[in-house]
Every structure is written in C-alpha cells, then in structure tokens.
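S.K.: got a predicted model here, sequence first, then my questions.
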Amino acid sequence: MTAVIVQDEHLHSAIDRIARTAYGQTLYLFLQKTLSSFPSAAASADALLAHNGRRMFAHDLMAIMAAGIRETHGGRDPTDGPIVFNPREPARIAGRERPRDHLARTDPELASIPNAGPGGGRVA
C-alpha cells in the first residue's frame, strides 16, 4: 500500500470549492452557529475544553471558506446569505490630526474658505 501525501493547499482548494456551493453556504451557517454558541452553565471543565475546541475548529474552517462564500454567496441570492466579515486594515494611530484639520482637508465646502486648511487660522 502506498502512502498518500496530502498537502494543505489541496485541502484548502477542496474546502473553497465546497464553500462556493449552496451546501457550502449551509455549512458556513452551521459553523457560525457553532462559533457563537455557549456551553450550558452546568458544563464541566472537560466539556468547556471540548466546546472551545469545536469553536476553534469552526473558526479555522470559516476562515478558509470565507473567500468562496463572499465571492459567490454560496450559489444563492446575495441578500439571503451568511454574514462574512472582511478583514480590516490596521487603524492609523500615530500622527493623529485635529478634527478641524481633517474636515478642512476632506470637506469640499471648506476648501474654498481662506485659512481653513490644516493649521490655518491658528494664533501662535
């Protein structure tokens, strides 16, 4: 018997193909339900660990399926599909500007007012 080497990229490709079908969308909804569930109040420590393991598995599988679900809506109407959260870019923290300067820079009405630009109208 020969050993079969399974590569992650082949597995991810297969999961992505499943995600692009109506069955994949149903599976994604099930994974969302699993990810957002809570164990009962009477759960033992072992049950909590098992529940956390299920949630981590659901999270990892959803991450692999997200692109296929987002691009094809699971083969269904886009208004009747699961919620797929897009990853966000990191927020800019350094070099923050004053709200007045931001408005002066981005508001077209303020662009025509003299001394309304960034730093404009300040008294030293």
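M.R.: All right, it came through fine.

S.K.: all contacts plus neighbour counts: C-alpha atoms, from now on.
M.R.: Will do.

S.K.: need the helices for the chain, in chain order.
M.R.: Here the chain has its helices, by DSSP state H, at 8-19, 22-35, 45-72, 99-106, 108-111.

S.K.: any weak-confidence spans in this protein?
M.R.: Applying pLDDT under 70 to the chain flags residues 1, 74-95, 111-124.

S.K.: what about 80?
M.R.: Scanning the chain with the threshold set as pLDDT under 80 gives 1-4, 39-49, 73-124.

S.K.: mind putting the helices of the chain into CSV with mean neighbour count and distance to residue 2?
M.R.: Converted to CSV, those look like this (neighbours: other CA atoms under 10 Å; distance: least, CA to CA, whole Å):
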stretch, mean neighbour count, distance to residue 2
helix 8-19, 15, 19
helix 22-35, 18, 31
helix 45-72, 16, 29
helix 99-106, 14, 65
helix 108-111, 12, 69
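
S.K.: from residue 66, how far out is residue 52?
M.R.: Counting by CA to CA, to the nearest Å, the gap from residue 52 to residue 66 is 21 Å.

S.K.: my bad, residue 26
M.R.: 13 Å.

S.K.: please apply the same query to residue 8.
M.R.: Using CA to CA, residue 8 is found at 16 Å from residue 66.
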